[in-house]
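Novice: sequence plus the predicted model coming up.
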Amino acid sequence: MSEEYSLTEYARSLAARVTERALEFSDEHSPDSPTSFREDAFTAVVVEILEDLGQLADVELCYFDQRIGRYAAKVNGWSVEEDGRQVDLVSTIYTGSQQIESVSGGQLRETASRAARVLAEAHRGLHSQMEPASPAYDMMERLNELQDGVTRVRAVLLTDGLARDMGVFDSGMDFEVVCEVWDLRRLLRVESSGLPYEPVEIDLAQRLGGPLPCLPAADSGYGTDTYLTVFPGELLYSLYHEFGPRLLELNVRSFLQARGKVNRGIRETLKEEPERFLAYNNGISVTAENVELAGKHNGAQAISRIVGLQIVNGGQTIASIHRAKDRDGLDLSNVAVQAKITVVRPEDIETLVPQISRYSNTQNRVNEADFSANHPFHVRLQQLSETIWALGEQHRWFYERARGQYQVARNRQATTAARRRHFDATTPSQQRFDKVKLAKYVNAWDQLPHIVGRGSQKSFVAFMERLAREHPHDWLPDAEYYRDLIAKAIIYKRAEKAARVHKFPAYRANAVAYTVSMISYRTAGRVDLPATWNRQECSPALAETIHDWMPVIYAEILDSAEMRNVTEWCKKEECWRHMQTLDLSVPEALEVELAEGQPLPTVGDLAERRGEGLTPQDRENIARVMQVTSSDWIHLCGWGSRTGHLAFWQIGIATTLATYAAMNYTKVPSKRQAHQGIEILRIADEERAWDERDD
């Protein structure tokens, strides 16, 4: 198959995904929508691809196109690294053409210049002249706040045409801009390679003025070669400065979000005793697709070139070395880091690299989450999606465990027009979800809207970490878990529809996540998920509650932010804690529905066990108490006894509830036990009892 034919097929596939996304954005738009709308959809699709590859991290989509004086300023999205040192500006050249078009160097330079102009205007304080409470205002305000700390600016140029890369771009302003171009050909290569990243090629001989001496290990006979070497600190700094998180396998990249003691220890050594860094540090573990040797160098074998380098253990070391020079201005000339390089065949990368990462990394608590699409949890979820149909066997949901699986399945099965119509009817695109959406649905229902607001990657990482923490290592989802998950997806999608109906000018995603979390919180999780699965839609009472609550929640988000950046405010747990105080009562119609599916007390007098005299508040208390695990009740018993914050009789109630929880609440607490349990939880929150809990 020629590359031109592959490009044509890929362009069609990408265009279909853009059309799907455009329809997801709004029920009010069609595939013939204005270019700017489809441009946003194209940007969203490609950004997701690049986030999966580690090229971008948690981009905020924000269409900003404005003429300022004689100049035009335009971006389609932006992001800031955790430490605030690098700004990524995403700008799109969308042709929307049926034919594959070439994008000239002049178009690329103009697009990069417009993106740089956005940053320059942000530094000048343009937000002070803008309408507050909008994504564009939040972007410009945030970029203005960070201007003194930013050391690197990257313009990521996306296009559905063909273009050349640009490298460093002279913006004509007081900061340097590094450009990365992602055109149709480059996207095709990374999506068709099957790799979870775009390979990085490093010419060590050129960078170091000669090849890097190494010690080859004996051939294992299992298709993997291993080399031991020592990397100069300056080399690691330059590689991380140039490639950033692209060098880090996903597990390590995720772990870097933590701010642990290991970072401080590394920084102290770099500052006080850099010449002893090699002796003190455990070194790094690296995988590669290929290592080219250059024969002998200084009497030893030497590496001249590495292809597909990925750091699977030692991300903390690399990031700390970069920070030491970039932020603290430390000299790295005496710093050296030992490294083990394992050459892995491309076909084994998806399975072998996560295992090397897991077993070589000492931070097993995080690593055990295993964030790859090949984690048994995701494999099992895909199997469930292939076998479980909605009632009536007319349609099913599709879990896209890896990028592009939906289109592959559609193309494989839809060999004729009739079969295509059958596939689209039984597996509609609006019922396709991936790991990012999965995490969003579950996190929002589990009352973590601030985590959802932090972006797709952070939301997914948080979901996988909780999964590893809350379930045994060999646990796999079953049919009940899957059906409940789809019910949560249905509720989330209903909230998205409500947001479109209300036509909020900004922060729709935040309004959706917070509304779903508030539904879960105010109902104490009593919504009948199995019934939602059976109906494949929300009940009228639930749908009406979502619709009515959302504008109240949206207004409170804006009001509670006060002078703060709204986007940043929504990412904070403090925002969620504030929203929980919002006076929202469960409507009577929904309360009746909740009561019908809730278990009655098995403890207490006969009237209670019949449901007589139970108020809506009693039912909510019982449901809330039953959401607390046995280990949490036991923790509160010990904390209350140790600190004296709980009376002796309250410790007794907590002990009883811990026993009920250990039996999976086959004994349902009485209304009095539940009332006291709620009081214990209130005291625990006030006195910060959970701060003492080990993670």
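Specialist: Cool, the structure landed. Residues are numbered from 1 along each chain as shown.
Novice: most centrally placed residue in this structure?
Specialist: With distances taken as CA atoms, centre = their mean, the residue of the chain nearest its centroid is Gln457 (1.6 Å).
Novice: what helix or strand does that residue sit in?
Specialist: helix 456-470 (DSSP states H and E).
Novice: export that helix to CSV, keeping only CA atoms.
Specialist: What follows is helix 456-470 as a C-alpha-only set of coordinates in CSV (Å, rounded to 0.1, in the frame of the first residue of the first chain):
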residue,chain,number,x,y,z
SER,A,456,-8.1,14.2,31.3
GLN,A,457,-4.7,12.8,32.2
LYS,A,458,-4.8,13.8,35.8
SER,A,459,-8.3,12.5,36.1
PHE,A,460,-7.4,9.2,34.6
VAL,A,461,-4.3,8.8,36.8
ALA,A,462,-6.3,9.6,39.9
PHE,A,463,-8.9,7.0,38.8
MET,A,464,-6.3,4.3,38.3
GLU,A,465,-4.6,5.1,41.6
ARG,A,466,-7.9,4.7,43.5
LEU,A,467,-8.5,1.5,41.7
ALA,A,468,-5.2,0.1,42.8
ARG,A,469,-5.8,1.3,46.4
GLU,A,470,-9.4,0.2,46.8
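Novice: buried sites along the helix or strand following that helix?
Specialist: Using DSSP H and E, the next helix or strand after helix 456-470 towards the C-terminus is helix 479-502. Within helix 479-502, the residues that count as buried by 16 or more other CB atoms under 10 Å are 482-499. From N, CA and C alone the C-beta is placed, and that goes for glycine too.
Novice: measure Gln617 to Ser517 for me?
Specialist: Using CB to CB, to the nearest Å, one obtains 20 Å as the distance from Gln617 to Ser517.
Novice: what of Ile553?
Specialist: When distance is defined by CB to CB, Ile553 is 9 Å away from Ser517.
Novice: joint contacts of these two?
Specialist: The contact sets of Ile553 and Ser517 overlap at Met579 (CB atoms under 8 Å, 6 or more residues apart in numbering).
Novice: what about these two, which has more around it?
Specialist: The neighbour count for Ile553 versus Ser517, taken as other CB atoms under 10 Å, is higher for Ser517 (25 against 22).
Novice: check the nearest residue to the more buried one once chain neighbours are set aside and give its pLDDT.
Specialist: Nearest-residue entry for Ser517: Pro449, 4.2 Å, with adjacent residues in sequence omitted and distances by CB to CB, 6 or more residues apart in numbering. At Pro449 the predicted local confidence, pLDDT, stands at 97.
Novice: right, and Pro449 touches Ala509 too?
Specialist: No - between Pro449 and Ala509 there is no contact under CB atoms under 8 Å: 9.9 Å.
Novice: those two - which one has more neighbours?
Specialist: Counted by other CB under 10 Å, Pro449 and Ala509 do not tie: Pro449 has more neighbours, with 31 against 20.
Novice: dihedrals phi and psi, that one?
Specialist: Note on Pro449: its backbone torsions stand at phi -70, psi -30 [degrees, to the nearest 10].
Novice: now do Pro132
Specialist: Listed backbone geometry of Pro132 is phi -70, psi 170, with angles given as degrees, to the nearest 10.
Novice: go on, Ala73?
Specialist: Here Ala73 shows phi and psi, under degrees, to the nearest 10, equal to phi -130, psi 130.
Novice: beta partners of it?
Specialist: Counting by DSSP bridges, Ala73 is bridged to Gln66.
Novice: any idea of the mean pLDDT for the helix or strand where Ser631 lies?
Specialist: When secondary structure is defined by DSSP H and E, Ser631 falls within helix 630-643. The average of the pLDDT scores along helix 630-643 is 90.
Novice: return that helix as PDB; C-alpha atoms alone will do.
Specialist: The C-alpha coordinates for helix 630-643 follow below in PDB (Å, rounded to 0.1, in the frame of the first residue of the first chain):
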ATOM      1  CA  SER A 630     -15.200  -0.800  57.700                       C
ATOM      2  CA  SER A 631     -11.500   0.400  57.600                       C
ATOM      3  CA  ASP A 632     -12.700   4.000  57.800                       C
ATOM      4  CA  TRP A 633     -15.000   3.400  60.800                       C
ATOM      5  CA  ILE A 634     -12.100   1.500  62.500                       C
ATOM      6  CA  HIS A 635      -9.800   4.500  61.800                       C
ATOM      7  CA  LEU A 636     -12.300   6.800  63.400                       C
ATOM      8  CA  CYS A 637     -12.600   4.600  66.500                       C
ATOM      9  CA  GLY A 638      -8.800   4.800  67.000                       C
ATOM     10  CA  TRP A 639      -8.700   8.500  66.200                       C
ATOM     11  CA  GLY A 640     -11.600   9.300  68.500                       C
ATOM     12  CA  SER A 641     -10.100   7.300  71.400                       C
ATOM     13  CA  ARG A 642      -6.600   8.800  71.000                       C
ATOM     14  CA  THR A 643      -7.600  12.500  70.600                       C
END
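Novice: so which bits of that helix are buried?
Specialist: In terms of neighbour count (16+ other CB under 10 Å), helix 630-643 has its buried residues at Ser630, Asp632, Trp633, Ile634, His635, Leu636, Cys637, Trp639, Gly640.
Novice: what is the least confident helix or strand in this structure?
Specialist: Taking all helices and strands of the chain together, the one with the lowest average confidence (mean pLDDT, DSSP states H and E) is helix 364-367, at a mean of 48.
Novice: doesn't Ala57 make contact with the residue nearest to the centre of the chain?
Specialist: Yes - counting by CB under 8 Å, Gln457 touches Ala57, with 5.8 Å between them.
Novice: between these two, which contacts overlap?
Specialist: Shared between the contact lists of Gln457 and Ala57 (criterion: CB under 8 Å, 6+ apart) are residues Glu51.
Novice: okay, buried residues for the host helix or strand of Pro551 please.
Specialist: Secondary-structure assignment from DSSP H and E places Pro551 in helix 540-561. Applying a neighbour-count criterion of 16+ other CB under 10 Å, one finds 541-543, 545-547, 549-550, 553-554, 556-558, 560-561 buried in helix 540-561.
Novice: pull the contacting residues for the residue lying closest to Gln147 once chain neighbours are set aside.
Specialist: In space, and not counting its chain neighbours, Gln147 is closest to His123: 4.6 Å by CB to CB, 6+ apart. His123 is in contact with Leu143, Asn144, Gln147, counting by CB under 8 Å, 6+ apart.
Novice: 10 Å instead, please
Specialist: His123 is in contact with Met140, Leu143, Asn144, Leu146, Gln147, Asp148, Val150, Met173, Asp174, Phe175, counting by CB atoms under 10 Å, 6 or more residues apart in numbering.
Novice: and the pLDDT for it?
Specialist: Among the per-residue scores, His123 shows a pLDDT of 91.
Novice: separation between the closest residue to Arg117 other than its chain neighbours and Thr111?
Specialist: If the residues on either side of it in the chain are set aside, Arg117 comes closest to Ala73, at 4.0 Å by CB to CB, 6+ apart. In this structure, Ala73 and Thr111 are separated by 11 Å, where distance is defined by CB to CB.
Novice: looking at these two, which has the bigger crowd around it?
Specialist: Here Ala73 and Thr111 are compared on neighbour count by other CB under 10 Å; more neighbours surround Thr111, at 25 against 22.
Novice: now do the SS call for that one.
Specialist: Assigned by DSSP: H, G, I helix; E, B strand; the rest coil, the conformation of Thr111 is helix.
Novice: what's the span of stretch 202-213, first residue to last?
Specialist: Distance across stretch 202-213, first residue to last, is 15 Å (CA to CA, to the nearest Å).
Novice: neighbours of Glu687, how many?
Specialist: Once other CB under 10 Å is used to define contacts, Glu687 is seen to have 15 neighbours.
Novice: contact partners for it?
Specialist: With CB under 10 Å, 6+ apart, Glu687 has these contacts: Trp639, Gly640, Thr643, His645, Leu646.
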